[in-house]
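Colleague: Below: sequence and its predicted model.
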Amino acid sequence: MSTVSEILKNKGGMVLSVEINETVLDAINLMSQVNIGAVLVQDGDTIAGIFTERDYMQKIALNSLSSQKTRVGDVMTSPVISAHPGDSIQQCMETMTTCHCRHLPVVENGKLLGIVSIGDLVKRMLGEKESEVEQLNQYITGSY
């Protein structure tokens, strides 16, 4: 089974983030422009939290707060649950299920390497399963 580092090799390590003092409007504008569901929140070089679509719904929209006036640092999810490069897809899916999250930053020795989403994991897992089925078909039909 694949590891997170293999997914990042294909996906790349680009991670979008906002600073802790930026507004929620800044964060959701960035998320909308790039069509992503979460951004990391940084306090300088430190990962302070993560801001997701769910954070927006539960903490801004349902409480009638102003996206223009609220700092993203006041409504982010913290601390951030992360993955390690050697973690398997299965381990990451278990972590996401347990923490009810859909994004995991990948961190090694305090350094941010990238971020994986549930979509990244499912896509990779489906690719592996399709490959297994194809190999089994070839074995059964004798065309390997």
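Modeller: Nice, I can see it. Residues are numbered from 1 along each chain as shown.
Colleague: show me where this structure has helices.
Modeller: 4-11, 24-34, 53-55, 89-99, 118-141 (DSSP state H).
Colleague: what's in contact with the last one?
Modeller: Under the criterion Cβ atoms under 8 Å, 6 or more residues apart in numbering, residues Met1, Ser2, Glu6, Ile7, Lys11, Ile89, Cys92, Met93, Met96, Arg102, His103, Tyr144 lie in contact with helix 118-141. Placement of C-beta: from N, CA and C, glycine included.
Colleague: quick one: buried residues of stretch 35-52?
Modeller: For stretch 35-52, burial by neighbour count (16 or more other Cβ atoms under 10 Å) applies to Ile36, Ala38, Val39, Leu40, Val41, Gln42, Ile47, Ala48, Gly49, Ile50, Phe51, Thr52.
Colleague: In a markdown table: those residues, plus pLDDT and distance to Asn109.
Modeller: Output for the buried residues of stretch 35-52, formatted as a markdown table (pLDDT from 0 to 100; distance: Cβ to Cβ, whole Å):
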| residue | pLDDT | distance to Asn109 |
| --- | --- | --- |
| Ile36 | 91 | 26 |
| Ala38 | 94 | 23 |
| Val39 | 95 | 23 |
| Leu40 | 95 | 17 |
| Val41 | 96 | 21 |
| Gln42 | 94 | 18 |
| Ile47 | 91 | 13 |
| Ala48 | 94 | 19 |
| Gly49 | 95 | 20 |
| Ile50 | 96 | 20 |
| Phe51 | 97 | 25 |
| Thr52 | 95 | 25 |
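Colleague: which two in those are spaced the farthest apart?
Modeller: Greatest spatial distance in the buried residues of stretch 35-52: Ile36 and Ala48, 18.2 Å, computed using Cβ to Cβ.
Colleague: In this structure, which residue is most central in space?
Modeller: His103 (2.4 Å; Cα atoms, centre = their mean).
Colleague: shouldn't it be in contact with Ile115?
Modeller: Yes: between His103 and Ile115 a contact is recorded at 5.8 Å, counting by Cβ atoms under 8 Å.
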